[in-house]
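[1] give me a model of this one.
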Amino acid sequence: MQKLLLLALVGLGAQLVDGSLGMAYGVTSTTLLLAIGTNPAAASATVHLAEIGTTLVSGFSHWKFGNVDWKVVLKIGVPGAVGAFAGATFLSNLSTETAAPLMAIILLALGLYVFLRFTFQGLPKGHLGKPLRKRFLGPLGLVAGFVDATGGGGWGPVGTPAILASGRLEPRKTIGSIDTSEFLIAVAASLGFIWGLGDENIDYGWVAALLIGGVIAAPIAAWLVRHIPPRVLGAAVGGLIILTNTRSLLRSDWIDASDPVRYTFYAVIYLAWAAALVYSINQYRSHKAEDERIIAEAEAAAAAGESPDEKASTPA
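    Sure, this is the predicted structure:
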């Protein structure tokens with residue numbers, strides 16, 4: 001019972017972070033399951049089965065708060081489901097240990113870009129509201145889905161920074177769309193695991209505990225995304241990406257840093273992250289009217305089916 005309660009609390013905390021920042025549910029939950037001795041395939045299967053429920057509630061909550069771009073959900077979610085099914089099916093024969101440090105470097109670079117871009121320049125103004133193309137979202141979804149299934153998490157860490165870095169979708173809709181499309185990834189990965197593993201290695205009590213915690217947190221997280229300023233949200237997401245991928249790199253076989261070195265890096269990142277959030281909040285207050293105007297124009301143009309540039313050039 002104590003273990004189930006702990007899992008429920010982990011599910012609540014993980015979904016609160018994931019629903020607010022677009023990542024971390026899978027990574028957090030899978031890490032705990034591995035720590036208590038679950039084999040990687042069973043851990044990932046347990047998390048993805050729980051995510052079927054949490055992502056469904058999270059997606060509905062984000063939709064109710066206006067955080068979802070359904071075109072993006074379909075363009076990235078369908079290929080993501082294909083990648084997730086493939087990753088789940090072949091997890092027992094594949095290893096991502098070698099590729100993990102390289103991917104961490106790529107994600108760290110994206111995280112730094114997002115972090116610096118939103119902290120010091122605020123909302124992207126040049127491309128916000130322009131459509132995200134299938135040729136970008138399709139391959140992104142395929143890779144993110146595969147990584148998510150094989151690594152027990154990765155849909156948000158891969159998809160969220162890539163879309164944020166494009167500057168075409170505001171942070172809350174990026175997070176809402178990634179969270180909503182993750183339902184397709186969770187279903188596909190779960191089917192792949194059941195196909196490859198059967199269900200004898202899955203503890204459905206653990207699945208239920210993670211699910212209950214996540215379902216409680218989902219609507220709270222969606223409400224937070226709706227009300228946190230985009231500039232602050234972008235800085236928060238960027239900081240989380242930097243922290244998680246720095247941790248992955250320092251603990252990898254490529255570096256294998258000692259505890260004092262790792263903790264020094266973590267301390268520096270936490271301090272920079274806190275300073276960036278304070279700076280972003282102050283800058284948002286100074287540019288609140290401009291940010292709200294940019295978002296309103298982008299949403300109006302998207303509703304009319306044209307880019308903001310086209311809208312601006314249309315005669316009154």
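[2] for F90, list the residues it contacts.
    150, 196 (C-beta atoms under 8 Å, 6 or more residues apart in numbering). Just so you know, the C-beta spots here come from the backbone N, C-alpha and C atoms, and that holds for glycine as well.
[3] what about it, distance to L33?
    F90 is 20 Å from L33, where distance means C-beta to C-beta, to the nearest Å.
[4] can you pull out the helices in this protein?
    Assigned by DSSP state H, the helices in the chain fall at 2-21, 25-35, 40-64, 70-89, 99-121, 134-151, 155-166, 171-197, 204-227, 230-251, 259-286, 288-304, 308-313.
[5] hey, least reliable of those by pLDDT?
    Note on these: lowest mean pLDDT is at helix 308-313, with a mean of 47.
[6] confidence score at the residue nearest to G26 when sequence neighbours are not counted?
    Nearest non-adjacent residue to G26, counting by C-beta to C-beta, 6 or more residues apart in numbering: G153, 2.6 Å away. pLDDT recorded at G153 is 71.
[7] quick revisit: any chance of the helices of the chain in JSON lines, with mean neighbour count too?
    Below are the helices of the chain laid out as JSON lines (neighbours: other C-beta atoms under 10 Å):
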{"stretch": "helix 2-21", "mean neighbour count": "21"}
{"stretch": "helix 25-35", "mean neighbour count": "22"}
{"stretch": "helix 40-64", "mean neighbour count": "24"}
{"stretch": "helix 70-89", "mean neighbour count": "23"}
{"stretch": "helix 99-121", "mean neighbour count": "18"}
{"stretch": "helix 134-151", "mean neighbour count": "23"}
{"stretch": "helix 155-166", "mean neighbour count": "26"}
{"stretch": "helix 171-197", "mean neighbour count": "26"}
{"stretch": "helix 204-227", "mean neighbour count": "21"}
{"stretch": "helix 230-251", "mean neighbour count": "22"}
{"stretch": "helix 259-286", "mean neighbour count": "14"}
{"stretch": "helix 288-304", "mean neighbour count": "15"}
{"stretch": "helix 308-313", "mean neighbour count": "13"}
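[8] any idea how far I178 is from F136?
    Where I178 is concerned, F136 sits at a distance of 14 Å (C-beta to C-beta).
[9] so how far is stretch 263-278 off the chain centroid?
    21 Å (C-alpha atoms, centre = their mean, to the nearest Å).
[10] got phi/psi on S258?
    phi -70, psi 160 (degrees, to the nearest 10).
[11] distance check, it against F265.
    For S258, the distance to F265 - C-beta to C-beta - is 11 Å.
[12] tell me how far the residue nearest to G26 lies from V47.
    Taken as C-beta to C-beta, the span from G153 to V47 is 7 Å.
[13] give the residues shared as contacts by those two.
    25-26, 29-30.
[14] who touches stretch 15-23?
    By C-beta under 8 Å, 6+ apart, stretch 15-23 touches 24-26, 28, 54, 58, 61-62, 153, 155-157, 159-160, 174-175, 178-179, 213-218, 220-222, 224-225, 228, 233, 236-237, 240-241, 244.
[15] give me that answer again for 7 Å
    Here stretch 15-23 makes contact (C-beta atoms under 7 Å, 6 or more residues apart in numbering) with 24-25, 54, 58, 156-157, 160, 174-175, 178-179, 213-214, 217-218, 220-222, 224-225, 236-237, 240.
[16] ok, I242 - contacts?
    108, 111-112, 115, 269.
[17] follow-up on the earlier one: how many neighbours does the residue nearest to G26 have?
    G153 has 27 neighbouring residues, counting by other C-beta atoms under 10 Å.
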